[in-house]
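Peer 1: this one's sequence-less:
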């Protein structure tokens, strides 16, 4: 795919951040953007949290324990975020990019598939079940919201994390769905190594050129050291 000369500001957040302030910042960014606003990728890790999408049903949250459950305005059901999982929020003007929602989902999935292929891990998408799978196990989840012609929320890619909290839910609303992570599939132990390749493939799929930028939300100090 030929890469266009459009920059995307890539903001990498150090440490592990609480979920809700980042979510509110995405909403504010989307509401304030104009036709001249550059697209951005926010790449980070979250403190442990279950998020319940607009179609989410509480019965799929089986035993959250001490992990908070946050109803949010993205599509999809329930998922888990925690340290060692790469979360990327593509804040993209779809009208400018000439993309529909289905095509955006397809291209994000392809970027994840291509990233896994870098480590010879064979992955695939499933019709009617957004995300990326290795065999029968899900390795990455997607949940998006489109407002004012622009996307927010995004993807969660299991890199090297504690998978136990996924047993407390029906992941993405599917009872008994197996969940895996890149480390267990023979990939790198460092989420940062995976993230770098993922950003490259996201840019290639969306026809964007990466431009490093400082993190937003300077008041948000990381509360937990990022995994090595």
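Peer 2: Received it, and whenever you're ready, just let me know what you need. Computed from a predicted structure; not experimentally measured.
Peer 1: now do the helices in the chain.
Peer 2: Using DSSP state H, the helices found in the chain span residues 19-32, 94-97, 101-117, 191-206.
Peer 1: can you list contacts of the shortest one?
Peer 2: Pointing back at helix 94-97 there. 35, 39, 100, 101, 104, 146, 149, 150, 151, 206, 207 (Cβ atoms under 8 Å, 6 or more residues apart in numbering). For every residue, glycine as well, the C-beta is placed using N, CA and C.
Peer 1: may I see the helices of the chain organised as a markdown table, with mean pLDDT and distance to residue 7 added?
Peer 2: Below are the helices of the chain laid out as a markdown table (pLDDT from 0 to 100; distance: least, Cβ to Cβ, whole Å):
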| stretch | mean pLDDT | distance to residue 7 |
| --- | --- | --- |
| helix 19-32 | 94 | 16 |
| helix 94-97 | 93 | 12 |
| helix 101-117 | 97 | 18 |
| helix 191-206 | 96 | 10 |
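Peer 1: tabulate these (JSON lines), appending mean neighbour count and distance to residue 81.
Peer 2: Converted to JSON lines, the helices of the chain look like this (neighbours: other Cβ atoms under 10 Å; distance: least, Cβ to Cβ, whole Å):
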{"stretch": "helix 19-32", "mean neighbour count": "16", "distance to residue 81": "6"}
{"stretch": "helix 94-97", "mean neighbour count": "16", "distance to residue 81": "24"}
{"stretch": "helix 101-117", "mean neighbour count": "19", "distance to residue 81": "16"}
{"stretch": "helix 191-206", "mean neighbour count": "20", "distance to residue 81": "13"}
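Peer 1: between those, which one is closest to residue 214.
Peer 2: Checking these against residue 214 by Cβ to Cβ gives helix 19-32 as the closest, at 13.9 Å.
Peer 1: bridging residues for the residue sitting nearest the centre point of the chain?
Peer 2: Central residue of the chain (Cα atoms, centre = their mean): residue 155, 2.0 Å from the mean position. Taking DSSP bridges as the rule, residue 155 bridges to residue 88, residue 142.
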